[in-house]
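*Asks:* Have a look; sequence and predicted model below, questions after that.
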Amino acid sequence: MISFIVITCYMVIEAFGGFITNSLALLSDAGHMLSDSISLGVGLLAFTLGEKVSNYSKTYGYKRFEILAAVFNGVTLLAISLYIFYEAFQRFTDPPEVASTGMLTIAAIGLLVNIFVAWMLMRGDTKENLNLRAAFLHVLGDLLGSVGAIIAALLIMFFNWGWADPLASVIVAILVLISGWRVTKDAIHVLMEGTPKNVDLDEIIKLMKNVPGIMGIHDLHVWSITSGQNALSCHAVVDGDLSIQESQELLLSIEHELEHKGVGHVTIQMENKEHPHDDSLMCQNEQESSSRQHNHDH
């Protein structure tokens, strides 16, 4: 919330300063700050909604809203970067007069503001939480944008290089484009129920098959509910002679092993070999995986 308030206030100041000094580097930085403001606002809303308990309508609660927020942030970054490219092209062909002293002052203050906000966000889990990482990348790109604006202002002041202003904005646009693409790609992967990046499916299959009592597995699915919350479901073929207590101990053993592999929410359906299940996509994948491993061993 503090980051949101600080960024929003300075975004207005920087946009005004960009218009007064006629600097595209400052305006592009302010545009990026606007996306920071939206990013932090939506992120804040996502965390608030994410705390809401699950109900009959939303059995996982509202945790997936964080991923939707990350998609929104990523797409916003992409759109802003394309607009900056367009504006920079116009300025390369006809560089306008820029008030370099005012540009330098505003950019320097902007740098300090971004360092403060980046430091605040870094205290959170920016590695595992996609929503927080998206907001952090916005601010980091903005910080680099301020550095670019400072360098451009100095080049204009000492060498009268008018093209330094649109060049600085292009560098910002490239950074914004890269971070926007990464965040969008990762968030869409989660929405598509893709296998989490920190989970090795072959390793999971091998781990489960090595548990005493497990004769085979199929219908295996691993996905993310939201950042840092991975889930798994599968059918496990076990010896038909296992008692209820032994089955429970087997389940606890598997859950304990999977927790160390980054999977916290586990659903396993036990079945014996006398009641085989029809082949499914993941059965075929498992067979292909076994075939690849067999070829690799040879």
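*Replies:* Noted; the coordinates are in hand.
*Asks:* And the strands in the chain, which stretches?
*Replies:* 214-226, 229-238, 265-272 (DSSP state E).
*Asks:* now these as TSV including distance to W181?
*Replies:* Where you see a C-beta, it was placed from the backbone N, CA and C, and this is true even at glycine. Listed next are those as TSV, based on distance: least, CB to CB, whole Å:
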stretch	distance to W181
strand 214-226	19
strand 229-238	24
strand 265-272	29
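*Asks:* Make CSV from those strands and add distance to K52 and mean neighbour count to it.
*Replies:* Formatted as CSV, the strands of the chain follow (distance: least, CB to CB, whole Å; neighbours: other CB atoms under 10 Å):
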stretch, distance to K52, mean neighbour count
strand 214-226, 13, 19
strand 229-238, 15, 19
strand 265-272, 18, 14
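*Asks:* Go through the ones you listed and name the closest to G162.
*Replies:* G162 lies closest to strand 214-226 among the strands of the chain, at 47.1 Å (CB to CB).
*Asks:* now that closest one against strand 229-238, angle please.
*Replies:* If you take axes from the mean of the first three to the mean of the last three CA atoms, to 10 degrees, strand 214-226 sits at 160 degrees to strand 229-238.
*Asks:* Show me what strand 214-226 is packed against.
*Replies:* On a contact count with 3 or more CB pairs under 8 Å, 6 or more residues apart in numbering; DSSP states H and E, strand 214-226 meets helix 65-93, helix 164-191, helix 201-209, strand 229-238, helix 281-297.
*Asks:* quick one: the longest one to chain centroid distance?
*Replies:* Its chain's C-alpha centre lies 16 Å from the corresponding centre of helix 65-93 when counted by CA atoms, centre = their mean, to the nearest Å.
*Asks:* still on that earlier bit, could you say which one of the helices and strands packed on strand 214-226 comes nearest to E249?
*Replies:* Closest approach to E249 among the helices and strands packed on strand 214-226 (CB to CB): strand 229-238, 11.5 Å.
*Asks:* Need the strands of the chain in CSV (columns: distance to H189 and mean pLDDT).
*Replies:* Formatted as CSV, the strands of the chain follow (distance: least, CB to CB, whole Å; pLDDT from 0 to 100):
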stretch, distance to H189, mean pLDDT
strand 214-226, 8, 87
strand 229-238, 13, 88
strand 265-272, 18, 86
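*Asks:* Looking at the helices and strands packed on strand 214-226, which is nearest to M215?
*Replies:* For M215, the closest of the helices and strands packed on strand 214-226 is strand 229-238, at 4.6 Å, according to CB to CB.
*Asks:* which residues touch that closest one?
*Replies:* 63, 196, 198-199, 204, 208, 213-225, 247, 250, 254, 258, 262-273, 276-277, 282 (CB atoms under 8 Å, 6 or more residues apart in numbering).
*Asks:* what about the stretch 151-298 of the chain, any weak spots by pLDDT?
*Replies:* The model of the stretch 151-298 of the chain has pLDDT under 70 over residues 273-298.
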